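**Student:** Structure for the following, please:
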Amino acid sequence: MSPRAKRGATSESSSTATAVPEADPAKELLWARPGFLVRRLHQIHVAMFFEECKAPNITPVQYAILTVLSVLPGLDQTSLGQEVGLDRTTTMDVVRRLEDRGLVERRENPADRRTRHVHLTREGKSVVTSLRADMARAQERMLAPLKPAQREVFMELLATLVEANNQYSRTVLRSM
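**Tutor:** Residues are numbered from 1 along each chain as shown. Below you'll find the model as predicted:
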């Protein structure tokens, strides 16, 4: 029985105070689908991210790009997209928006003028640093219902699923 089924909604009959589980076939079908639960958890994470990371108006995808650039400065846009699982067009769009805000700069690659290397600006570095604790709080909130050992297993299982199924994505992550 799924955790959701165990927590099934209850209703009280007017003649008794006994709780009777309500059947909800749509929820039962959806909660049995890992894809549905993963998508729903992502929606919850995005909401928590925005609650915790209010100040600079940065999206989780933008923060992922800024984070990667903070540890791997000067990546070309294709490599940057592979680090965060974005296609070239989306990566270029996100980088352009970050550049418009003064958080990154694109520099011509002297070895290949068709590519651009992306670097954080001083302001971009400041945003990454200032959001680090906020992001950690959002992550902590999302994982709070799990015990420490469950968190470790959950993260290992997520990583296993992502790595084992990476090739099916429209954008393949760089192998770890």
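
**Student:** just checking, next helix/strand downstream of the longest strand seen in the chain?
**Tutor:** What stands out as the longest strand in the chain, according to DSSP state E, is strand 112-120. As assigned by DSSP states H and E, the chain's next helix or strand after strand 112-120 is helix 122-143.

**Student:** got the CA coordinates for the longest strand of the chain in CSV?
**Tutor:** Extracted as CSV, the C-alpha positions of strand 112-120 are listed here (Å, rounded to 0.1, in the frame of the first residue of the first chain):
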residue,chain,number,x,y,z
ASP,A,112,36.9,28.9,-32.1
ARG,A,113,35.0,32.1,-32.8
ARG,A,114,31.7,30.2,-33.2
THR,A,115,31.6,29.4,-29.5
ARG,A,116,31.4,31.7,-26.4
HIS,A,117,32.8,31.0,-23.0
VAL,A,118,30.6,32.0,-20.1
HIS,A,119,31.9,33.6,-16.9
LEU,A,120,30.3,35.0,-13.8
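
**Student:** Run me through the strand neighbours of it, direction for each.
**Tutor:** If you go by DSSP bridges, strand 112-120 pairs up with strand 75-76 (antiparallel), strand 104-109 (antiparallel).

**Student:** any idea which of these is most buried?
**Tutor:** Compared across the strands paired with strand 112-120, strand 75-76 shows the largest average neighbour count, a mean of 18 (mean count of other C-beta atoms under 10 Å). Where C-beta positions appear, they are placed from N, C-alpha and C, glycine not excepted.

**Student:** Residue 97: neighbouring residues, count only.
**Tutor:** Residue 97 has 14 neighbouring residues, counting by other C-beta atoms under 10 Å.
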